[in-house]
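> What shape does this take:
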Amino acid sequence: MSFFRRAGDSDSESSSDEEELLSSGSEDEEVAAPKQEAKPMSRFLKGAKSGDTSSEESSDEDESDEDESEDEGAPKRSRFLKGGDDEDESDEDVKKVVKSAKDKRVEEMEGIVKVLENANKINDWVAINAEFDKLVRLVQRLQSLNEPIPPVYVKTLVSLDDTLQKEKESKKKLNASNSRALNTMRQKIKKSTREWENDVTAYRKDPEAFESAAAAASAAFATPAEAAVPKPAKKVTIEPAEAAAAAAADDEGFSTVGKSGKATEEPTITTEGLFRHLSAVLEARGKKNTDRNEAVRTLEKLLKVAATPYQKIRVLLALISARFDYNPAQATYMPLDLWTSARQELDDLLALLATERQYTVQEQTEDYDDSVDRTPAGLDDVVRVRGSLVSYVDRLDDEFTRSLQNIDPHANEYVERLQDEKNLYATVARAQAYFEISGQTDATSRTVMRRLEHAYSKPDAPLQVLEQTANAELGALNSTITPVEATFSSATLIHRLCTHLYKASDSLLRTRAMLSHIYHHALHNRYHTARDMFLMSHLQENIARADVATQILFNRTVVQLGLCAFRSGLIREARDSLREIFQTGRVKELLAQGVAQQRLSTLTPEQERTEKARQLPFHLHVNLELLEAVYLVSCMLVEIPKLAAAGTTDPDAKRKILSKAFKRQLDFADRQAFTGPPENTRDHIMQASKALQNGEWEKCRDLIHGIKIWSLMPGEASVKDMLASKIQEEALRTYLFTYSTFYDNVSLSLLSSTFSLPERAVTSIVSKMIWSDELAASLDNVHHVVIFDRGVELSRLQQLAAQLVERANALVDQNEKTLQYKLDDGSGASGAPGAGGREGRAADGGAGQEGERRGGERRRGGGARGGRGGRGGRNLFAGGLGGSARRVAA
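Model prediction:
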């Protein structure tokens with residue numbers, strides 16, 4: 001007796017129980033004896049009691065209570081203590097049935113089938129439609145659990161199909177909802193029958209044999225709960241050969257069953273049923289519970305049994321698409337083995353199409369039957385198969401780029417992955433040749449652009465290797481755009497690819513081709529050709545309306561132009577090319593070489609993924625440290641002489657520096673109280689700038705040559721020699737600007753020996769400075785000296801007065817232009833009264849104003865040195881006042 005029973009019984013019940021025990025006699029002992037010998041029943045299989053609280057107790061509690069009662073010496077329970085009334089005894093006789101999940105699913109299916117049969121009897125197609133959807137979902141769940149499909153499902157399909165045929169023949173009138181449901185059921189039954197075609201055919205042929213086979217398969221897949229639990233046996237060591245033989249013996253007579261419960265052995269796939277299996281794979285593509293690995297394996301088996309060229313083409317197209325379907329996510333890249341298999345299969349497909357010229361793959365074709373084999377009707381007939389080879393080429397290239405974006409560039413895996421570019425380039429070249437032969441213009445242009453993107457940024461040596469590999473694998477294909485030549489020339493190859501794209505109808509392809517062509521010229525130090533192409537294309541005017549990828553290519557081209565100008569010794573042009581990129585402060589982002597974190601801007605996860613997808617692979621990066629060194633050195637050689645020319649006469653000289661980045665670094669260096677040895681590239685350049693300001697050109701040269709990043713510059717030795725000569729020239733100019741006010745004349749030979757320049761070069765530099773009004777001096781060719789022209793120096797008040805006059809003249813000119821615009825009604829015509837007088841006044845005062853501006857420039861350039869600067873200031877006052885007087889008199 002349990003604890004809860006003893007605690008809850010009343011006195012009357014206990015007394016009555018005692019009376020029953022006394023009256024039972026020896027019969028109770030006979031009954032209790034077998035009860036004691038019997039094994040305790042599992043708590044899951046114990047019968048339920050409705051009217052007694054003891055039915056809610058577990059078997060473990062009963063056993064523990066019995067142990068307690070035995071310890072206490074309590075008498076054994078008899079069968080009369082099981083319940084209190086007849087109803088409890090009847091409930092005890094009914095045992096609780098435990099069903100497995102599989103049996104519950106089978107019962108659920110049988111219940112749905114029963115509802116379908118009832119609805120079919122009353123012709124309720126709305127209910128049939130709803131219940132059939134439940135049945136299909138249940139079958140899909142069974143497939144996902146690798147359980148065989150009960151034959152009742154196939155039986156229901158056959159029954160509904162027969163009913164629909166009868167409805168079609170009888171042509172009964174139904175209401176609107178029933179009619180719509182009937183039409184929907186026709187489509188569903190047709191689709192399901194096609195999917196289970198083999199099973200439906202077998203059932204129609206022999207229903208009894210089909211049901212018995214299904215019952216055998218269901219027994220083979222019995223769940224562990226239904227099978228008897230064997231006792232644990234001793235461990236026995238079995239040799240591998242014996243284990244293999246035993247496994248083979250066990251598998252004898254059985255076949256491999258997939259998720260759908262169908263046999264998937266290879267002998268079941270034949271050439272006659274190839275299109276049927278192919279259609280089943282294509283229909284399952286994209287569905288939720290489709291096993292992509294199983295689809296790829298099936299297509300590989302189909303490719304082995306394909307006999308005709310048409311069958312091979314169809315299977316290869318489906319197989320390549322299945323490879324790409326394996327990775328639908330955009331954040332990761334395609335596995336390398338799948339990518340290699342897809343590329344090899346695309347090569348096989350292109351080789352097959354090159355051999356079988358009567359078959360072609362195009363995106364737009366006439367409608368044809370997919371379930372029958374197609375052959376050319378004659379020698380001139382061409383079988384067109386629907387497909388898109390150019391999309392496969394694009395996807396292969398995109399997956400290759402995405403893999404390089406996600407692999408660590410400093411690991412060996414990146415280098416190994418980069419070696420696949422050679423095979424990919426050969427595949428792109430083969431696809432280009434095929435598109436040329438088949439006459440697909442748009443596909444040819446897109447493939448040529450892909451080939452150009454792999455070639456335009458490479459030096460000659462690696463590009464030559466790519467071309468040799470591509471030419472060796474062309475086979476029977478020949479390209480008219482890029483024919484095979486005996487001698488390789490990268491300039492010729494890029495020119496032919498870009499020339500073909502210039503004729504394309506897509507403006508985006510033309511723009512990218514032009515930028516790639518300019519980049520290649522700049523990479524090979526053809527600066528003037530690249531500059532002329534860049535200016536004539538007017539790309540800088542419309543690039544803001546282009547897509548992001550094209551804008552990134554534009555920025556890379558501008559940067560490469562700046563580097564080319566620097567290597568060619570064109571310092572000012574290099575500074576001008578790189579200035580706009582560096583002024584933004586986002587060089588890394590503009591070149592797609594990283595995402596800079598902004599303090600006040602927050603990116604969403606979607607924006608971060610988009611930014612990362614735009615990044616270039618590491619091997620295409622331009623070294624940012626080298627780029628910064630080139631820009632700062634160019635600014636130093638251009639801006640330091642300008643600062644020396646302004647001298648102490650213009651306190652706002654530093655504000656007129658065009659390069660904000662260089663000005664910021666220079667100001668920071670000037671504020672430093674103590675300057676230690678240079679540690680990085682910026683420190684070297686800033687200390688070199690100070691040395692250049694002081695005329696210490698040798699120290700400046702050594703600091704610039706000490707920058708280690710020059711080792712990454714092509715032609716390092718020539719670049720350093722060029723920088724040394726430029727530093728000597730700019731040091732001479734800076735020296736003349738700084739110290740000209742302290743000398744009456746200076747010997748050319750002294751300047752030549754001080755700056756280690758030939759006397760002829762010194763004479764040339766001084767002559768240019770005099771001719772451009774930068775230096776108020778003259779050359780004495782007899783005595784070989786430079787004579788400085790000293791004049792009256794302007795005071796600070798005179799300088800401010802000159803600036804005021806200049807700004808007043810500019811204000812008057814602007815007012816006259818505004819007045820003329822209003823009088824002409826915004827048309828720009830000069831037919832209003834008095835227009836001729838205004839034009840005359842403008843023409844009359846034009847020469848004087850030009851003289852005023854030139855005089856002011858001379859004053860600003862050499863006012864501190866006297867002479868010509870003073871005369872410029874006097875001309876400014878006279879010209880300005882005279883011009884104003886003439887305008888008032890008029």
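> Just confirm residue 746 is within a helix.
No. Using DSSP: H, G, I helix; E, B strand; the rest coil, the assignment for residue 746 is strand, not a helix.
> For it, list each beta-bridge partner.
residue 786 (DSSP bridges).
> ok, it - contacts?
Residue 746 is in contact with 785-786, 788, counting by CB atoms under 8 Å, 6 or more residues apart in numbering. For glycine as for every other residue, the C-beta is placed from the backbone atoms N, C-alpha and C.
> Show me where the stretch 501-650 of the chain has its helices.
507-523, 527-537, 539-542, 548-567, 571-583, 587-590, 605-614, 624-646 (DSSP state H, counting those that start in this stretch).
> Select from those helices the stretch with the lowest mean pLDDT.
Note on these: helix 605-614 shows the lowest mean pLDDT, a mean of 83.
> who does it touch, helix- and strand-wise?
Other elements packing on helix 605-614 under the criterion 3 or more CB pairs under 8 Å, 6 or more residues apart in numbering; DSSP states H and E are helix 389-406, helix 548-567.
> Give the buried residues for the shortest one.
To tie it back to what came earlier, the one meant is helix 389-406. 389-390, 392-397, 399-405 (16 or more other CB atoms under 10 Å).
> Next: the longest one.
If you call a residue buried by 16+ other CB under 10 Å, then helix 548-567 has these buried ones: 550, 552-567.
> got it, and stretch 278-295?
Result for stretch 278-295 [16+ other CB under 10 Å]: buried residues 278, 280-282, 284, 295.
> List the contacts of that stretch.
Counting by CB under 8 Å, 6+ apart, 140, 143-144, 195, 258-259, 264, 298-299, 302, 314-315, 318, 321-322, 325-326, 370-371 sit against stretch 278-295.
> Same check on stretch 565-573?
Contacts of stretch 565-573 (CB under 8 Å, 6+ apart): 525, 527, 531, 562, 574, 577, 630, 633-634, 637-638, 713-715, 718-719, 722, 726.
> Pull out the buried residues from the residues you listed.
527, 531, 562, 574, 577, 630, 633-634, 637-638, 713, 719, 722, 726.
> Kindly indicate which of the residues you listed lies nearest residue 440.
Distance ranking of the buried ones among the contacts of stretch 565-573 against residue 440, using CB to CB, places residue 531 first at 36.1 Å.
> The closest one: what's its closest spatial neighbour, skipping adjacent residues?
Nearest non-adjacent residue to residue 531, counting by CB to CB, 6 or more residues apart in numbering: residue 561, 6.7 Å away.
> So which residue is dead centre in this protein?
Centre of the chain computed as the mean C-alpha position; nearest residue by CA atoms, centre = their mean is residue 613, 3.1 Å away.
> Could you double-check that that residue lies in contact with residue 405?
Yes. Using CB atoms under 8 Å, residue 613 makes contact with residue 405 at a distance of 7.5 Å.
> Tell me how far stretch 551-571 lies from the chain's centre.
Centroid separation for stretch 551-571 versus its chain: 26 Å, with CA atoms, centre = their mean, to the nearest Å.
> Stretch 138-154 too?
The answer for stretch 138-154 is 40 Å, by CA atoms, centre = their mean.
> OK, contacts around residue 164?
182, 185-186, 189.
> again, only using 7 Å
Counting by CB atoms under 7 Å, 6 or more residues apart in numbering, residue 164 touches 185-186, 189.
> got the CA coordinates for the helix or strand hosting it in PDB?
Following DSSP states H and E, one finds residue 164 within helix 151-170. The C-alpha trace of helix 151-170 is given here as PDB (Å, rounded to 0.1, in the frame of the first residue of the first chain):
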ATOM      1  CA  PRO A 151       1.000   2.900 -49.900                       C
ATOM      2  CA  VAL A 152      -2.200   4.600 -48.900                       C
ATOM      3  CA  TYR A 153      -0.800   7.800 -50.300                       C
ATOM      4  CA  VAL A 154      -0.300   6.300 -53.700                       C
ATOM      5  CA  LYS A 155      -3.700   4.700 -53.500                       C
ATOM      6  CA  THR A 156      -5.200   8.100 -52.800                       C
ATOM      7  CA  LEU A 157      -3.400   9.700 -55.700                       C
ATOM      8  CA  VAL A 158      -4.800   7.000 -58.100                       C
ATOM      9  CA  SER A 159      -8.300   7.400 -56.600                       C
ATOM     10  CA  LEU A 160      -8.300  11.200 -57.000                       C
ATOM     11  CA  ASP A 161      -6.900  10.900 -60.500                       C
ATOM     12  CA  ASP A 162      -9.700   8.500 -61.500                       C
ATOM     13  CA  THR A 163     -12.300  10.800 -59.900                       C
ATOM     14  CA  LEU A 164     -11.000  13.800 -61.800                       C
ATOM     15  CA  GLN A 165     -11.200  11.900 -65.100                       C
ATOM     16  CA  LYS A 166     -14.800  11.000 -64.400                       C
ATOM     17  CA  GLU A 167     -15.600  14.600 -63.500                       C
ATOM     18  CA  LYS A 168     -14.000  15.700 -66.800                       C
ATOM     19  CA  GLU A 169     -16.200  13.300 -68.700                       C
ATOM     20  CA  SER A 170     -19.400  13.900 -66.800                       C
END
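> mean confidence for stretch 440-450?
For stretch 440-450, mean pLDDT rounds to 94.
> for stretch 133-147, that is, sorry about that
Per-region confidence: stretch 133-147 scores 79 on mean pLDDT.
> shaky segments in the stretch 101-250 of the chain?
Counting by pLDDT under 70, the stretch 101-250 of the chain has low-confidence residues at 169-172, 218-250.
> Touching, residue 296 and residue 320? I think so.
No. The criterion here is CB atoms under 7 Å, and residue 296 misses it with residue 320 at 10.4 Å.
> who's more crowded, those two?
residue 320 (25 against 19; other CB atoms under 10 Å).
> before we move on, the earlier item: can I get the helices of the stretch 501-650 of the chain in CSV including distance to residue 742?
Shown next, in CSV, are the helices of the stretch 501-650 of the chain (distance: least, CB to CB, whole Å):
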stretch, distance to residue 742
helix 507-523, 44
helix 527-537, 40
helix 539-542, 45
helix 548-567, 34
helix 571-583, 28
helix 587-590, 42
helix 605-614, 57
helix 624-646, 13
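> Which among the ones you listed is found nearest to residue 124?
When the helices of the stretch 501-650 of the chain are compared (using CB to CB), the closest one is helix 605-614, at 48.1 Å.
> where does the stretch 251-400 of the chain have low pLDDT?
For the stretch 251-400 of the chain (pLDDT under 70), the answer is 251-268, 327-331.
> For it, which segments count as strands?
359-362, 383-386 (DSSP state E, counting those that start in this stretch).
> And for the first one, what's in contact with it?
Residues lying outside strand 359-362 but in contact with it, judged by CB under 7 Å, 6+ apart, are 309-310, 313, 353, 382-385, 387, 389, 438, 440.
> can I get those in CSV with distance to residue 584?
Converted to CSV, these look like this (distance: CB to CB, whole Å):
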residue, distance to residue 584
309, 56
310, 57
313, 51
353, 49
382, 55
383, 56
384, 51
385, 50
387, 45
389, 41
438, 46
440, 42
